[in-house]
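> Return atomic coordinates for the entry below.
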Amino acid sequence: MLIMKTGSQVKNMAQGAAEIGKGAAQSAVNIARGAATGAAHIAQGAADAVKNTIGANNPDITSNPNSPPSPSSMV
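Okay, the predicted model is just below:
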């Protein structure tokens, strides 16, 4: 009887360890996803900053850099 109880306890410990391993693996996946999402947001922010610096988001800039500014930008 003692051997059967010990065997059941070992089995239960192994199952518990397997569940802990699954949880750790899922946590690692979630951390990686979060890091990837954060990196994508940082890259997008950097791209937007560069566009703003060079004026790519400015509707008053035309293809002719020598053209006068529009009246709305002089206000």
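> measure residue 16 to residue 45 for me?
Using Cβ to Cβ, to the nearest Å, one gets 43 Å for the distance from residue 16 to residue 45. Where you see a C-beta, it was placed from the backbone N, CA and C, and this is true even at glycine.
> ditto for residue 34
For residue 34 relative to residue 45 (Cβ to Cβ), the value is 16 Å.
> tell me the pLDDT at residue 7?
pLDDT recorded at residue 7 is 82.
> Ignore what I typed, I meant residue 54.
79.
> i'd like the first residue to be 741 from this point on
Shifting the count to begin at 741 puts that one at residue 794.
> That one - how many residues pack around it?
Neighbours of residue 794 under the rule other Cβ atoms under 10 Å: 10.
> shaky segments in this protein?
741-744, 796-815 (pLDDT under 70).
> if you go through the protein in chain order, where are the helices?
742-794 (DSSP state H).
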